[in-house]
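Asker: heads up, no residue letters with this:
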């Protein structure tokens, strides 16, 4: 059995759209997970028109996801941080404070779209932060970093239902430690900015946590917790997230870069992080408010 889930911005999902798709695909009853925002229906097989329908619905502001019904609810969340659990790229915000914002933002955008080697691009960007006071990290956290909508509810709901949560970032521990604490993650992994005498040295600790390290984190953490990789939900937006998105039971590209969307099986472009709860079959009444 398969489940089709439709997700849109609150108040914009037309009930007639869900009924039309259900009728066309021979699905079961349309079940509303959140009025005019998210709905689902079961069906016996994946229709040949899925790709065409998903593209057409994107143009109407609706995300369409089809998954196997069994095993949708996951026991572990593995999440990227920058532009996923928060709305910014931390290194870009540090660069703004350092006066090299435009230069670093360009490198970040190309790296996240898979145009540049992640490790080399990270080293190049961090080098441009040399002699920036370490105190700038606190300044950026206080003034420039905002949580992605729906993140607190996502974490609270999954943890209340027994899931383990890990934040795994190609960014820096100076940020992941604070963001993980704010959102309630059980653990976090990231790179370490090198510092001396209260200043950034322009270097980053080795080995660098990139695409392969995120895949390794998925394998290591799930194994240590006795959780099957099929029971992991991974979410990210950049090219360095593709490995873990492909390996996890459910890998979600959230508001992702074009090259990432092209390679990801599940894309969420219109919903916020609570869309990951709808994908697991949670309705809004089951959401846990932190």
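Answerer: Cool, the structure landed. Remember, predicted model here, so these are calculated numbers, not experimental data.
Asker: drop to CA atoms for contacts and neighbour counts, all remaining ones
Answerer: Noted.
Asker: ranges for the strands of the stretch 101-250 of the chain?
Answerer: Counting by DSSP state E, counting those that start in this stretch, the stretch 101-250 of the chain has these strands, from start to end: 164-172, 187-191, 193-196, 199-204, 232-236, 250-254.
Asker: what angle sits between the second one and strand 199-204?
Answerer: Relative orientation of strand 187-191 versus strand 199-204 (axes from the mean of the first three to the mean of the last three Cα atoms, to 10 degrees): 90 degrees.
Asker: partners of strand 187-191, with directions?
Answerer: Each strand that pairs with strand 187-191, with its direction, by DSSP bridges: strand 164-172 (parallel).
Asker: What angle do strand 232-236 and the partner strand make with each other?
Answerer: Orientation note: strand 164-172 sits at an angle of 30 degrees relative to strand 232-236 (the same axes, to 10 degrees).
Asker: sorry, back to before: for residue 131, find the nearest of the strands of the stretch 101-250 of the chain.
Answerer: Using Cα to Cα as the measure, strand 199-204 is the one of the strands of the stretch 101-250 of the chain that comes nearest residue 131, at 5.2 Å.
Asker: quick one: contacts of that closest one?
Answerer: Under the contact criterion Cα atoms under 8 Å, 6 or more residues apart in numbering, strand 199-204 has outside partners 123, 126-134, 191-195.
Asker: what does stretch 222-239 give?
Answerer: Stretch 222-239 is contacted from outside by 71, 73-81, 83-84, 111-114, 211, 218-219, 241-242, 244-245, 247-257, 259-260, using Cα under 8 Å, 6+ apart.
Asker: Next: stretch 30-39.
Answerer: Around stretch 30-39, the neighbours that count as contacts under Cα under 8 Å, 6+ apart are 5-15, 18-19, 22, 40-41, 278, 281-284.
Asker: got a markdown table for the strands of the stretch 101-250 of the chain, with distance to residue 144 too?
Answerer: Below are these laid out as a markdown table (distance: least, Cα to Cα, whole Å):
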| stretch | distance to residue 144 |
| --- | --- |
| strand 164-172 | 15 |
| strand 187-191 | 19 |
| strand 193-196 | 19 |
| strand 199-204 | 19 |
| strand 232-236 | 20 |
| strand 250-254 | 21 |
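Asker: would JSON lines of these with mean neighbour count and distance to residue 151 be doable?
Answerer: As requested, the strands of the stretch 101-250 of the chain are exported to JSON lines (neighbours: other Cα atoms under 10 Å; distance: least, Cα to Cα, whole Å):
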{"stretch": "strand 164-172", "mean neighbour count": "24", "distance to residue 151": "12"}
{"stretch": "strand 187-191", "mean neighbour count": "21", "distance to residue 151": "15"}
{"stretch": "strand 193-196", "mean neighbour count": "15", "distance to residue 151": "26"}
{"stretch": "strand 199-204", "mean neighbour count": "19", "distance to residue 151": "28"}
{"stretch": "strand 232-236", "mean neighbour count": "28", "distance to residue 151": "11"}
{"stretch": "strand 250-254", "mean neighbour count": "26", "distance to residue 151": "12"}
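Asker: Mind checking the ones you listed for the one nearest to residue 54?
Answerer: With respect to residue 54, and counting by Cα to Cα, the nearest of those is strand 250-254 at 14.6 Å.
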